[in-house]
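Novice: requesting a structural model of the entry that follows:
(chains A, B, C and D)
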Amino acid sequence: MSKVTTPEAAVADIPDGATIALGGVHSHNSPMALVNALIRRGIKDLELIPTPSAGAPVDMLIAAGCVRKLHVSYVGLEFLGLAPNFRRAAQEKTIEIVEADEAWVVYGFRAGASRLPFLPLPPLYEGTDLPKVNPMIRTTTDPYTGRTVTTIPALRADYGLFHAQVVDRKGNTQVFGQRRFEDVMAKACDHVVISSDEILDEYAPAPDPRLVSIPGAIVERVAHAPYGAHPLSSPGHYGYDRDQLVEYRDLAAAGETGKYLQEYVHSVGDHAGYLERIGVGRLLGLRQTFR
Amino acid sequence: MSKVTTPEAAVADIPDGATIALGGVHSHNSPMALVNALIRRGIKDLELIPTPSAGAPVDMLIAAGCVRKLHVSYVGLEFLGLAPNFRRAAQEKTIEIVEADEAWVVYGFRAGASRLPFLPLPPLYEGTDLPKVNPMIRTTTDPYTGRTVTTIPALRADYGLFHAQVVDRKGNTQVFGQRRFEDVMAKACDHVVISSDEILDEYAPAPDPRLVSIPGAIVERVAHAPYGAHPLSSPGHYGYDRDQLVEYRDLAAAGETGKYLQEYVHSVGDHAGYLERIGVGRLLGLRQTFR
Amino acid sequence: MEQTYTWAEMMAVSIAHEMSDGEFGSIGAASHIPAAGLRLAQLTHAPDLTFFCGGSGASNPKIRRLTESSADYRNLVTAEYQYSLDDVVDFETAIRFDFAFLGGLQIDKYGNLNMAMIGDWDKPKVRGPGTIGLIFTGGFKSSFIYTEHHTPRVFVDKVDFVSGAGWLSGGNSRAEVLRPESSGPRLVFTPLGVFDFEPDTKHMRLRKIHPWTTVEEIQAATGFDLPVADDLRTVTPPTPEELHLLRTEVDSDGVLRRYAPVA
Amino acid sequence: MEQTYTWAEMMAVSIAHEMSDGEFGSIGAASHIPAAGLRLAQLTHAPDLTFFCGGSGASNPKIRRLTESSADYRNLVTAEYQYSLDDVVDFETAIRFDFAFLGGLQIDKYGNLNMAMIGDWDKPKVRGPGTIGLIFTGGFKSSFIYTEHHTPRVFVDKVDFVSGAGWLSGGNSRAEVLRPESSGPRLVFTPLGVFDFEPDTKHMRLRKIHPWTTVEEIQAATGFDLPVADDLRTVTPPTPEELHLLRTEVDSDGVLRRYAPVA
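Specialist: Residues are numbered from 1 along each chain as shown, chains lettered A, B, ... in the order given. Predicted structure coming up:
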């Protein structure tokens, strides 16, 4: 049985209000074709838990009105500055913010991946202001020392959306870049959807199993999405589209994200249409030979 | 600065009474040259925490009188049956046994790798007899539900001893077989010693970084030990020496492990002498081309 | 007609027949008979069955050689994915595996397993290798029990030490302490036949007999009274197609062929 | 003599000079100046310095191109080891990193860092990107602070929100709530100079001035009274050898050369 489908079909039944774990680090390797499909559907009230280093896709989902609640470790545009829509939504309180950080997301998903009840930490949050504004940072008793220790909850999501470079029809997923957190997040999700630049031919030689990042057994759907991370990079396949990211940043900073979304999301019917809008020359200009 | 040394020098300063994390799964990939060097030294009173699937080296260390305390998940000879010296020592109470299991070792080292104070688990030990005989399986309060949850302690070791196939002079370690628990154990150790069949030439092309299992930054010493896992297998390099393992099992079952240790450990001066004792023909007969 | 297969081959085929397509499970150490059964199922009716092969790190090995050590790295080289022990315990704890194949020094009438010791913990008569992954019977969706030794010393009324919770003391006792999404054992595979657990009492019972034995022999080899299912039947011997696949694609070295013809 | 280097190159060289051989550290996002400084140190006096390069997963990248995103996967391809986020948080929590390079929207006189918001949390004036790894200042052996913006809005008397604990309220206040093996920040690198913390009070103080500025200018750019170290000195400009290495082996694309000559 093949799990391969289109980006649009892969997210068609994600309901309003779902909790979503979102892959990608800064300007790299987010499942943009899936994000665009969600925005196009007008999905609402998402609880979003991105990786600890989130960027443009989170800012777009906020601008499109899809987000109810956001776990914030870092949401920004890295070398292009702050994330304008996130900044506005946080300042105007139009979304609920979980004041979090890298430990919250990484340890939280690690605990969620094994369904541990919660996770106790050594002194780290102590001395910071996070426990004052995040009521889920709590304490319990260490049964070995009798001391009070800080705890964070396990994180789980209904859906995990991740981008990969090559996936086979059973969902065995190769991520060429920043490694091995998508795998932990995927384990903490009830449903895992992967978008992939390439689908491995059924009769192709199997890849070195040490380079497969997420096992097919926990992948539910594979969206075939060539250039599916654009305008972000897809490690080993193409670099980020700096011009389009700057265009996004400038429109977003000017309060005109709607223009961007109209041009690149709403006025095209699907990911195939998106790629036609970007055009062959521009896409090929992003190819990077550096493996 | 090169970290490369001999197996004997690599373990020369491990003190009596040390806690040791020991790598290797069943008949595969234990640092036998390091274990032999410890036995030859007559080290005493070790607290041993092997991987969840431990075999012959643990049985040998017990027979040689090196072990005071042992964390038992599985200690056996897999397809060759029970581990005779472990069995006797446990029945005759000559070593202290921590009645443990895979969860204890894996979650324990995971918690130790990050120095978490302890780890809470969902219901797993409930209904079993382990909490009755292991007083370190305890309980605390889940601060999110108010319920009582079972806990295990974090595990750490003074020294971690692991075998690898190829290591560079900085300690960047390639393990070709069963993956990625040596890395977690290593992170839970104060001092990490790797024995390796091969040392990467300083001017050789660097390996694909995705295939490096343990980062050099946490490796203190690298023992150059060709055939350093013998009579166990070294994945991708050589298979296990079934005849010698059977010889060991039969002598051990007959209460004559001393004969084995005399022949292969005490009567040779070092790992180089051990290899001469085994002989070229026999070693080359173990080479396996299956990569 | 002359018998042309061994009890180990029969057992692998019996296991294959009970496997469902699309399920996801794992096997432990020294499990070459379940490994053969799972691979045979993949090659016949269950192409989307997935299993993790013991200590090897190999998901779905296609080695064509049956290794005596499931941790043999040669399984890995032919695998789809190299799992870590992190993956294993995550899936074991999070109730992600549909099944695991598990064994014991002792197995009792409610499918509880003991790998730790015979006798008292304080004064063991026989020290076993240890509990290893058996507490995760509380973290699998369900499990299969497997043993190569069907004797009254293995199948006991009550295990001396619970390493892995089966149906505990039967009835609802298991659901009172473990998560309801995690069920007790489904089936038991031995050289003599296939067993399940009575739905209400959760008592082990005989369901299928291998060709060379009888209900009476099986009862005599079992240390407790063994109920018999209403639809008890004798297992059909392996077909020529099954034996051909087994001997060419699964176990080309003939590891299972070296067992005795009957158990 | 005409100045032939930029302030970013000077800052990279200042950072390189302070790095010790054999140490093990990490950098975060958009940290190309520290990345250049660390690589330059490796190529000069500190060949066994090791660093993890932000979101890239690259340990000790040798790319020769300075990437504007430290998470750029091209760093990875030239690395010694691909770390996971698991490794990062393990090392961060277990006090394994000798140092990390960290920044903030606000940095106060005790080296506390704020990346969350300016103003009240309930009514932020400016929402920042978030705390990301800053709580791990409680899990590094020590840390370096780094900013490209030396202004009174960045260097404030007291941060509005403590994302990362520096020396907290100075003196012994840090050791009262965090582990003693984890020290507060060692040094602060800015376009104007290098700063340390007075050993007893833990108050930030000026130690080295970059060639284009003065004590008075630095004080004017700082939002609190800035003590000056007894052995204050002006940093020697980059040597021709350092600039050659920087421009051929570290930053061959000239990312740092595109900055202004003086800050």
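
Novice: chain center to the host helix or strand of A:E198, what's the gap?
Specialist: Secondary structure assignment for A:E198, by DSSP states H and E: strand A:189-199. In terms of CA atoms, centre = their mean, to the nearest Å, the centre of strand A:189-199 is found 11 Å from the chain centre.

Novice: so in that sheet, which strands flank it, and in what orientation?
Specialist: The pairing partners recorded for strand A:189-199 under DSSP bridges are strand A:157-167 (parallel), strand A:221-224 (parallel).

Novice: how about stretch C:78-85, does it reach chain D?
Specialist: No. Contact between stretch C:78-85 and chain D is absent, the nearest approach being 10.0 Å (criterion: CB under 8 Å from any CB of the partner chain). Heads up, the C-betas are built off the backbone N, CA and C, glycines and all.

Novice: now do that stretch: everything it contacts.
Specialist: Residues from elsewhere that reach stretch C:78-85 (CB atoms under 8 Å, 6 or more residues apart in numbering or on different chains): A:168, A:170, A:172, A:206, A:209-210, A:212, A:215-216, B:51-52, B:106, B:179-181, B:184, C:52-53, C:56-64, C:76.

Novice: follow-up on the earlier one: dump the strands paired with strand A:189-199 to JSON lines, plus mean neighbour count and mean pLDDT.
Specialist: Output for the strands paired with strand A:189-199, formatted as JSON lines (neighbours: other CB atoms under 10 Å in any protein chain shown; pLDDT from 0 to 100):
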{"stretch": "strand A:157-167", "mean neighbour count": "26", "mean pLDDT": "97"}
{"stretch": "strand A:221-224", "mean neighbour count": "24", "mean pLDDT": "98"}
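
Novice: ok, which of these comes nearest D:L105?
Specialist: Proximity to D:L105 (CB to CB) singles out strand A:157-167 among the strands paired with strand A:189-199, at 29.0 Å.

Novice: rewinding a little: so how do I select the buried members of the contacts of stretch C:78-85 in PyMOL?
Specialist: Provided next is the PyMOL selection string for whichever of the contacts of stretch C:78-85 are buried by 16 or more other CB atoms under 10 Å in any protein chain shown:
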select buried, (chain A and resi 168+170+172+206+209+210+212+215+216) or (chain B and resi 51+52+106+179+180+181+184) or (chain C and resi 52+53+56+57+58+59+60+61+62+63+76)
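
Novice: out of the contacts of stretch C:78-85, which are inside helices?
Specialist: Judged by DSSP state H, those include B:106, B:184, C:76 as members of helices.

Novice: local confidence estimate at the second one?
Specialist: Yep, that's B:V184 we're talking about. pLDDT, B:V184: 96.

Novice: quick one, what contacts whichever residue of chain C sits closest to chain D?
Specialist: Using CB to the nearest CB, the closest approach of chain C to chain D is made by C:D86 at 8.0 Å. By CB under 8 Å, 6+ apart, C:D86 lies in contact with B:106, B:110, B:180-181, B:184.

Novice: what's the closest of the residues you listed to C:V255?
Specialist: B:F181 (27.3 Å).

Novice: name all residues that make contact with that closest one.
Specialist: Under the criterion of CB under 8 Å, 6+ apart, the neighbours of B:F181 are B:51, B:106, B:109, C:84-86.

Novice: repeat for A:F79
Specialist: A:27, D:30, D:68-69.

Novice: quick check: the farthest pair among these?
Specialist: That would be A:S27 and D:A30, which, of the contacts of A:F79, are the farthest apart (CB to CB) at 10.5 Å.

Novice: looking at those two, which is more packed in?
Specialist: Just comparing A:S27 and D:A30: by other CB atoms under 10 Å in any protein chain shown the higher neighbour count belongs to A:S27, 27 against 21.

Novice: no further queries at this time; thank you.
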